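K.L.:
This is the structure alone, sequence omitted:
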């Protein structure tokens, strides 16, 4: 199991996967979709123009062609897209899916129906899917040895809610192996898939500022002033 990083954001290349660890009790961890004027951000650099220096960022949830979130999006306590509890096409609708919640000094990954029935006090939240790890088990539809491989990214949380683990694969990987990284190597009980194909990372300490088409929701840490 990986130890929590005290008061820091740390990113490390672990071969097949790059991992960024964030202490939720001390760091300014947020979701980003629009700037204060309501304009779509779409990429990492406009976040810095609008909010300040980024220590880390990645895409954080699926979105439509117009970059609007597919599921729940909560930013600064304001809900701009509602929770979607129903099954549907694609990875998002492969239930169980879930919600990544950022609160005051804590983070959580919660299965969607559990969130609906008893939502925590989140300042920021994004819904995505599928769940990668659910109470210590891999998603029931994952297949060991599956040939469906993509660059994938997602988030897991420590059981005490103090640490968020953001991972992105450095090569195409299947769901089974990606979920197993969170469960077996990080020892987390709950983890959520963010996306594949469009997965991107901003980690300046590693020299990574991934570019590409405009994105929808993003997650990141703003450096102290």
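P.N.:
Cool, got the structure. In this text the structure is predicted, and so the values were computed from the model without any measurement.

K.L.:
Could you use CA atoms for every contact and neighbour count after this?
P.N.:
Will do.

K.L.:
Give me the longest helix you can find in the chain.
P.N.:
Looking across the chain with DSSP state H, the single longest helix is helix 44-51.

K.L.:
Adjacent strands (with direction) for the very next helix or strand once past that one?
P.N.:
Per DSSP states H and E, helix 44-51 leads on to strand 54-59 as the next helix or strand towards the C-terminus. As defined by DSSP bridges, the strand partners of strand 54-59 come to strand 201-203 (antiparallel), strand 218-222 (antiparallel).

K.L.:
Adding mean pLDDT, distance to residue 191 and mean neighbour count, write the ones you listed out as TSV.
P.N.:
Listed next are those as TSV, based on pLDDT from 0 to 100; distance: least, CA to CA, whole Å; neighbours: other CA atoms under 10 Å:
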stretch	mean pLDDT	distance to residue 191	mean neighbour count
strand 201-203	98	18	22
strand 218-222	98	15	22
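
K.L.:
pretty sure residue 10 contacts residue 23?
P.N.:
No. The pair formed by residue 10 and residue 23 falls short of the contact definition of CA atoms under 8 Å, at 9.2 Å.

K.L.:
can I assume residue 73 is in contact with residue 125?
P.N.:
Yes. Applying CA under 8 Å, one finds residue 73 in contact with residue 125, separated by 5.6 Å.

K.L.:
re earlier: so between residue 10 and residue 23, which is more surrounded?
P.N.:
Shown here are residue 10 and residue 23; by other CA atoms under 10 Å, residue 23 has more neighbours (23 against 19).

K.L.:
So what sits opposite the more buried one in the bridge?
P.N.:
Residue 23 forms beta bridges with residue 163, as assigned by DSSP bridges.

K.L.:
Tell me who's in contact with residue 93.
P.N.:
Applying CA atoms under 8 Å, 6 or more residues apart in numbering to residue 93 gives the contacts 86, 87, 129, 130.

K.L.:
The second one falls within a strand, correct?
P.N.:
No. Counting by DSSP: H, G, I helix; E, B strand; the rest coil, residue 87 is not part of a strand but coil.

K.L.:
Now it. Its backbone dihedrals?
P.N.:
phi -70, psi 160 (degrees, to the nearest 10).

K.L.:
quick one on the thing from earlier: from the contacts of residue 93, which is closest to residue 210?
P.N.:
Lowest distance from residue 210 to those (CA to CA) belongs to residue 129, with 22.4 Å.

K.L.:
how many neighbours does that closest one have?
P.N.:
By other CA under 10 Å, 26 other residues sit near residue 129.

K.L.:
Give me the pLDDT value at it.
P.N.:
Looking at residue 129, its pLDDT is 97.

K.L.:
And it, how close does it get to residue 114?
P.N.:
14 Å (CA to CA, to the nearest Å).

K.L.:
again with residue 48
P.N.:
Separation of residue 48 from residue 114 (CA to CA) stands at 34 Å.

K.L.:
what do you get for residue 142?
P.N.:
From residue 142 across to residue 114, the span is 21 Å (CA to CA).

K.L.:
Which one's more surrounded, those two?
P.N.:
residue 142 (15 against 12).

K.L.:
you'd agree that one is up against residue 176?
P.N.:
Yes. Using CA under 8 Å, residue 142 is in contact with residue 176, at 5.4 Å.

K.L.:
Give the buried residues for stretch 47-57.
P.N.:
47, 54, 55, 56, 57 (16 or more other CA atoms under 10 Å).

K.L.:
Next, format the residues you listed as CSV and append pLDDT and distance to residue 110.
P.N.:
Below are the buried residues of stretch 47-57 laid out as CSV (pLDDT from 0 to 100; distance: CA to CA, whole Å):
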residue, pLDDT, distance to residue 110
47, 98, 26
54, 97, 26
55, 97, 25
56, 98, 23
57, 98, 21
